[in-house]
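> this one's structure only:
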């Protein structure tokens, strides 16, 4: 579902970009995400900020910013987020 991009060498974050154009309902996701052990930090309407070992920003465009330098952690979180984001369709 996601392509993993590294924005720059000096940044300590990765960007997950959806392979297909999507528009997320963050209100629905914010209601479900805590069941997957994510802690909600903030919800602005167009961005949901959560935490699970690192800070994660989910945008309604489907783009996700994961603030960490650990690519293995990013890959694991990408799989978990795919499950969370697909949960809204059930």
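Arrived safely, thanks for sending. Model, not experiment: these values are computed from the prediction.
> Quick one: list the elements packing against the lowest-mean-pLDDT helix or strand in the chain.
Taking mean pLDDT, DSSP states H and E as the measure, the helices and strands of the chain show their lowest mean at strand 2-5, namely a mean of 86. On a contact count with 3 or more C-beta pairs under 8 Å, 6 or more residues apart in numbering; DSSP states H and E, strand 2-5 meets strand 14-18, helix 71-87. For every residue, glycine as well, the C-beta is placed using N, CA and C.
> Would you reformat the ones you listed as CSV and include mean neighbour count and distance to residue 63?
Converted to CSV, those look like this (neighbours: other C-beta atoms under 10 Å; distance: least, C-beta to C-beta, whole Å):
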stretch, mean neighbour count, distance to residue 63
strand 14-18, 18, 6
helix 71-87, 15, 11
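> Those: lowest mean pLDDT?
Between these, the one with the least mean pLDDT is helix 71-87; it has a mean of 89.
> who's in contact with it?
By C-beta atoms under 8 Å, 6 or more residues apart in numbering, the surrounding residues in contact with helix 71-87 are 1-2, 4, 14, 16, 24, 29, 32-33, 36, 38, 52-54, 56, 58, 62, 64, 66, 68.
> Among the residues you listed, name the ones in strands.
Within those, residues falling in strands by DSSP state E are 2, 4, 14, 16, 56, 58, 64, 66.
> Give me the distance from stretch 7-24 to the chain's centre.
Offset of stretch 7-24 from its chain centre (C-alpha atoms, centre = their mean, to the nearest Å): 9 Å.
> Quick check: end-to-end length of it?
One end of stretch 7-24 sits 22 Å from the other (C-alpha to C-alpha, to the nearest Å).
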